[in-house]
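Student: Return atomic coordinates for the entry below.
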Amino acid sequence: MNIVVCIKQVPGTSEVNIDPETGNLLRSGIDSKMNPYDLFALETALRIKERKGGLIKVITMGPLHARDVIKEAYMMGADEGYLLSDKVFAGSDVLATSYTLSQGINKIKPFDLIICGKQTTDGDTAQVGPETAEFLNIPHIANVLNILKIRDNELIVEMDMPNTVEIAKINIPCLLTVDKDIYDPRLPSFLKKISTRDKKIEIFNFKDLRDKNKKKYGLDGSPTQVEKVFPPKVDKNKEKWTGDSRDLGEKIAKELKNLKFI
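Tutor: As a prediction, the model looks like this:
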């Protein structure tokens with residue numbers, strides 16, 4: 001089975017700066033790591049490979065230093081790695097990101113299954129996986145808790161719904177987004193780190209993709225724009241009030257009015 005896993009490099013800290021003009025995260029010079037949810041996606045692919053055999057390809061979009069998460073994926077057992085990197089892709093929202101990933105995945109065909117993490121810690125939209133499937137014109141299921149059966153032309157999975165856990169059948173090729181409870185991710189292997197340190201990572205830029213319409217990528221291809229992003233203010237000042245419930249209630253209400261919360 002040919003499996004593609006979408007992974008992403010995200011900030012490894014909550015202390016990040018924001019570009020005041022674009023509202024984008026300034027990622028240069030900060031610690032980064034693989035998106036934690038993508039570890040579950042990669043582990044799912046590795047488990048399927050151990051059961052059914054096959055090839056695991058990982059793909060990510062980002063600056064050149066995003067190669068680090070592909071190297072981490074190699075240390076866990078991925079077979080091939082691809083990076084989509086170009087200034088044209090900068091500032092992508094979920095729609096432009098999904099379209100760019102779909103273009104990259106089309107370049108690394110064939111695939112039977114695409115696996116994504118539920119969401120990313122720097123976006124939390126949980127939309128990229130399903131939107132990528134739509135661009136690829138393949139079926140998809142989100143919030144997968146378990147893969148019950150793997151057949152030649154279909155999968156049977158458990159998916160987490162708001163009030164129930166449902167069992168669904170989906171035809172191959174397809175895309176799944178997996179929940180964090182599906183498996184415990186394995187640790188990277190030091191032996192694999194040594195054996196894969198020179199392993200090739202193929203880099204695709206804008207000119208390598210089939211669709212050369214720049215209006216579908218990056219900021220130009222993003223219908224949603226960040227209006228304003230700012231870090232929360234931390235106020236450690238404390239004030240202690242004492243009194244009976246009536247007095248305290250009146251005081252709290254007055255203070256909320258002063259702060260214009262009510």
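
Student: which residues of this protein fall in helices?
Tutor: For the chain, the helices defined by DSSP state H cover 36-52, 67-76, 94-107, 128-136, 190-195, 245-258.

Student: Show the pLDDT at Phe261.
Tutor: According to the prediction, Phe261 has pLDDT 67.

Student: no wait, Gln127
Tutor: pLDDT, read off for Gln127, is 91.

Student: From Pro110, how far off is it?
Tutor: Distance of Gln127 to Pro110, computed by CB to CB, to the nearest Å: 25 Å. Placement of C-beta: from N, CA and C, glycine included.

Student: Which of the two has more residues huddled nearby?
Tutor: Comparing Gln127 with Pro110 by other CB atoms under 10 Å, the one with more neighbours is Gln127, at 17 against 8.

Student: Now for the residue nearest to that one when sequence neighbours are not counted, how many residues are close by?
Tutor: Nearest residue to Gln127, sequence neighbours excluded (CB to CB, 6 or more residues apart in numbering): Val94, at 4.5 Å. Other residues near Val94 number 20, with proximity taken as other CB under 10 Å.

Student: what do you get for the one 5 residues further on?
Tutor: Other residues near Tyr99 come to 23 when the count uses other CB under 10 Å.

Student: And for Cys6?
Tutor: Neighbour count of Cys6, defined by other CB under 10 Å: 26.

Student: I'd assumed Gly129 was in contact with it.
Tutor: Yes. With contact defined as CB atoms under 8 Å, Cys6 reaches Gly129; the gap is 7.1 Å.

Student: what is in contact with these two at once?
Tutor: Each of 114, 116-117 lies in contact with both Cys6 and Gly129 under the rule CB atoms under 8 Å, 6 or more residues apart in numbering.

Student: which of the residues you listed has the most neighbours?
Tutor: Among the shared contacts of Cys6 and Gly129, the one with the most neighbours (other CB under 10 Å) is Cys116, at 30 neighbours.

Student: got the contact list for the closest residue to it other than its chain neighbours?
Tutor: In this structure, Cys116 finds its nearest non-sequential neighbour in Gly129, 3.6 Å apart by CB to CB, 6+ apart. Going by CB under 8 Å, 6+ apart, Gly129 touches 6, 114, 116-117, 140, 142, 175-177.

Student: How about Lys180: what's its closest non-neighbour residue?
Tutor: Phe40 (5.3 Å).

Student: Hmm, Gly117 and the one you found touching each other?
Tutor: Yes. Contact criterion CB under 8 Å: Phe40 and Gly117 qualify, at 6.0 Å.

Student: Quick check: neighbours shared by the two?
Tutor: Counting by CB under 8 Å, 6+ apart, the contacts common to Phe40 and Gly117 are Val178.

Student: sorry, back to before: thought the residue nearest to Gln127 was touching Gly123?
Tutor: Yes. Counting by CB under 8 Å, Val94 does reach Gly123; the two are 7.1 Å apart.

Student: re earlier: next step: the contacts of Gly129 restricted to strands.
Tutor: With DSSP state E as the criterion, strands contain 6, 114, 116-117, 140, 142, 175-177 from among the contacts of Gly129.

Student: for Leu219, what are its contacts?
Tutor: Listed by CB under 8 Å, 6+ apart, the contact set of Leu219 reads 22, 90-92, 96, 225.

Student: of those residues, closest to Thr60?
Tutor: Here the nearest of the contacts of Leu219 to Thr60, counting by CB to CB, is Ser92; it sits at 12.7 Å.

Student: what separates that closest one from Thr177, distance-wise?
Tutor: Counting by CB to CB, the gap from Ser92 to Thr177 is 18 Å.

Student: Neighbour count for these two, which is higher?
Tutor: Each of Ser92 and Thr177 has its neighbours counted (other CB under 10 Å); Thr177 has more, 27 against 23.
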